[in-house]
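**Q** What would the 3D arrangement of this be:
(one chain, ligands or ions: 2)
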Amino acid sequence: MPAPTPAVEPVSTDARATPVQVDTPGGRYEIRIGSGLIGTAESWSGLPRAADAVIVSNPAIWSLYGPALAAAIAPQHRRVTQVLLPDGEQHKDWPSLQRIYDHLLGAGCDRKTLLYALGGGVVGDITGFAAATYMRGVPFVQVPTTLLAQVDSSVGGKTAINHPLGKNMIGAFYQPVRVVCDSDTLSSLPRRELVAGLAEVIKYGPIYDDGFLGWIEAHLDALLAGEPGALAHAVQRSCEIKAAVVGADERESGLRAILNFGHTFGHAIEAGLGFGTWLHGEAVGCGMVLASRLSAELGLASASYAERIERVVARAGLPTRAPAFAGERWLELMRHDKKAEAGEIRFVLVEAPGRATVRPAPDALVLDVIRRHSEATPAGVPARP
Ligand code: NAD
Ligand code: GLY
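**A** Numbering: from 1, shown residues only. Ligands and ions are numbered 1, 2, ... in the order given. Next up is the predicted model:
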């Protein structure tokens with residue numbers, strides 16, 4: 001499935017970059033990216049009129065950024081309240097969702113209420129699903145505070161909670177009315193979370209824009225050092241690419257699946273080790289290495305391109321060696337991937353620099369690639385770099 005490879009944008013270190021437009025059948029909206037946006041009134045102008053604003057967050061993020069957001073949006077609403085959910089992927093669940101509904105109904109919030117998701121992908125996904133379902137749909141704004149959320153989860157309208165039998169299994173496509181990425185929030189992000197977010201940045205290079213991969217390689221040290229200009233450009237370019245992909249295929253009937261590069265192996269690693277053992281981005285990093293190697297084995301990408309991807313993943317500090325699950329266990333885990341069709345596992349593969357395709361691959365070859373890239377400790381869990 002070829003994707004167009006646009007020219008690389010010049011590096012912008014402006015505090016306020018040009019907003020990225022997202023245009024899907026489910027909604028048109030802007031992604032505003034820059035420093036100091038949370039506390040700036042202009043970031044919130046032009047949103048749907050709503051008497052009630054409800055900020056959904058968790059206690060840690062609220063204490064860092066909640067009061068500034070509440071103060072900045074206060075002039076636009078009659079009342080601003082907040083609902084704070086417990087932190088962590090294990091709380092992206094029904095009880096947290098219920099807590100949001102309880103707050104909305106208890107406070108008498110009407111169908112014009114505007115929800116603000118202030119946090120990482122967990123808060124964003126659950127708030128989006130609450131917005132999609134409360135009174136059959138109220139508008140919501142994404143205010144992502146992790147790198148992963150700024151470059152991926154806040155854009156494109158995938159919303160969900162987890163079910164005990166599967167991650168993101170209960171959800172909806174529901175677009176936000178705006179995304180505001182304040183790059184200052186990334187300064188408080190723990191390094192492990194920053195590195196995990198870089199996996200989703202790196203992914204856009206091999207699947208869509210090889211020039212961006214070159215930019216990442218050249219600026220990786222700056223990104224790892226948390227340099228605001230480098231991070232702002234990484235967020236800007238990632239959002240431009242994600243906007244182009246979801247604009248072409250909102251519901252993942254084709255092209256959008258390329259955004260899952262590294263995710264078939266990655267989800268298997270997360271599920272096989274138990275969610276939370278490796279962060280999502282860490283598993284995706286390793287998954288991209290395996291998917292690139294598989295692409296080379298299938299005669300798609302060259303071996304040297306696969307090596308190049310492995311080098312950048314390793315330099316970012318992401319794992320490149322997979323856990324040593326038994327072959328049958330790998331296959332069983334990967335068959336749960338949402339891209340699987342009638343039990344057939346489908347992989348996002350690199351067919352040329354900056355271009356991806358989605359295909360099945362012979363089990364024996366997949367398992368051989370995994371075996372050659374596994375490094376087990378006695379517990380079967382490879383040490384993270
Ligand atoms: P997260 O939301 O759990 O955030 C990671 C941790 O960082 C949390 O403890 C959080 O409280 C903390 N945190 C957030 N912002 C902070 C800040 N600025 N300073 C300090 N600490 C901060 O994890 P995530 O990586 O942001 O998101 C992962 C979730 O996103 C998963 O549930 C995944 O399924 C989902 N996701 C969704 C999509 C989508 O398209 N909707 C895409 C990718 C991932
Ligand atoms: N994160 C993959 C997608 O949004 O489709």
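**Q** Get me the contact residues on the stretch 51-200 of the chain for ligand 1.
**A** 58, 60-61, 64, 87, 89, 92, 119-123, 125, 145-146, 148-149, 152-153, 156, 158, 168, 185, 188-189, 193 (Cβ under 6 Å from any ligand atom). For the C-beta atoms, the positions are set from N, CA and C on the backbone; glycine is no exception.
**Q** got the residue ranges for the helices in this protein?
**A** Using DSSP state H, the helices of the chain run over 59-73, 94-106, 121-133, 147-148, 191-208, 210-224, 228-248, 263-273, 280-297, 303-315, 327-334, 363-372.
**Q** I'd like to know how many residues surround V138.
**A** As a burial measure, V138 scores 23 neighbours (other Cβ atoms under 10 Å).
**Q** likewise G171?
**A** By other Cβ under 10 Å, neighbour count at G171 equals 18.
**Q** Quick check: chain neighbours aside, which residue is closest to it?
**A** Take G171 and drop its neighbours on the chain: the residue closest to it by Cβ to Cβ, 6 or more residues apart in numbering is A160, 2.8 Å away.
**Q** ok, that neighbour to T133 distance?
**A** 11 Å (Cβ to Cβ, to the nearest Å).
**Q** again, but for L194
**A** In terms of Cβ to Cβ, L194 sits 32 Å off from T133.
**Q** In this structure, what residue comes closest to ligand 2?
**A** The chain approaches ligand 2 most closely through L259 (3.9 Å), counting by Cβ to the nearest ligand atom.
**Q** and the closest residue to that residue other than its chain neighbours, how many neighbours?
**A** With sequence-adjacent residues excluded and distances taken as Cβ to Cβ, 6+ apart, L259 is closest to V245, at 6.0 Å. By other Cβ under 10 Å, the residues close to V245 number 22.
**Q** Check S187 too.
**A** With other Cβ under 10 Å as criterion, S187 counts 12.
**Q** cool, the one 10 residues further on as well?
**A** If you count neighbours by other Cβ under 10 Å, G197 ends up with 31.
**Q** my guess is it contacts V151, does it?
**A** Yes: distance between G197 and V151: 6.5 Å, which falls inside the contact criterion (Cβ atoms under 8 Å).
**Q** if we can go back for a sec, so A160 and T133 - more neighbours on which side?
**A** Set A160 next to T133 and count neighbours by other Cβ under 10 Å: A160 wins out with 20 against 17.
**Q** My guess is D249 contacts R256. True?
**A** Yes: the criterion here is Cβ under 8 Å, and D249 meets it with R256 at 4.3 Å.
**Q** joint contacts of these two?
**A** Counting by Cβ atoms under 8 Å, 6 or more residues apart in numbering, D249 and R256 have no common neighbour.
**Q** Tell me the pLDDT of the closest residue to I100 other than its chain neighbours.
**A** Distance criterion Cβ to Cβ, 6+ apart; nearest residue to I100, sequence neighbours excluded, is A130 at 4.2 Å. Note for A130: predicted pLDDT of 98.
**Q** quick one, what contacts A130?
**A** V56, L97, I100, Y101, L104, L115, F140.
**Q** Check A340 too.
**A** By Cβ under 8 Å, 6+ apart, the neighbours of A340 are M334, R346.
**Q** quick one, phi psi at the closest residue to H267 other than its chain neighbours?
**A** Of all residues not flanking H267 in the chain, D337 sits nearest, at 5.9 Å (Cβ to Cβ, 6+ apart). The phi/psi pair for D337 (degrees, to the nearest 10) reads phi -60, psi 140.
**Q** For D337, the count of nearby residues, please.
**A** Neighbours around D337, by other Cβ under 10 Å: 19.
**Q** T146 versus that one, what's the distance?
**A** 23 Å.
**Q** quick one on the thing from earlier: of the contacts of A130, closest to R32?
**A** R32 lies nearest to F140 out of these, by Cβ to Cβ, at 15.3 Å.
**Q** ok, the residue lying closest to that closest one once chain neighbours are set aside - contacts?
**A** Leaving aside its chain neighbours, F140 sits nearest to A131 (3.6 Å; criterion: Cβ to Cβ, 6+ apart). If a contact means Cβ under 8 Å, 6+ apart, then A131 has L115, G137, V138, P139, F140, T159, Y174, P176 as its contacts.
**Q** Quick check: residues of the stretch 201-350 of the chain near ligand 1?
**A** H280.
**Q** Run through the bridge partners of V54.
**A** T81, L115 (DSSP bridges).
**Q** residues near it, how many?
**A** Neighbours of V54 (other Cβ under 10 Å): 26.
**Q** any idea how far it is from W215?
**A** Counting by Cβ to Cβ, the gap from V54 to W215 is 38 Å.
**Q** Lovely, talk soon.
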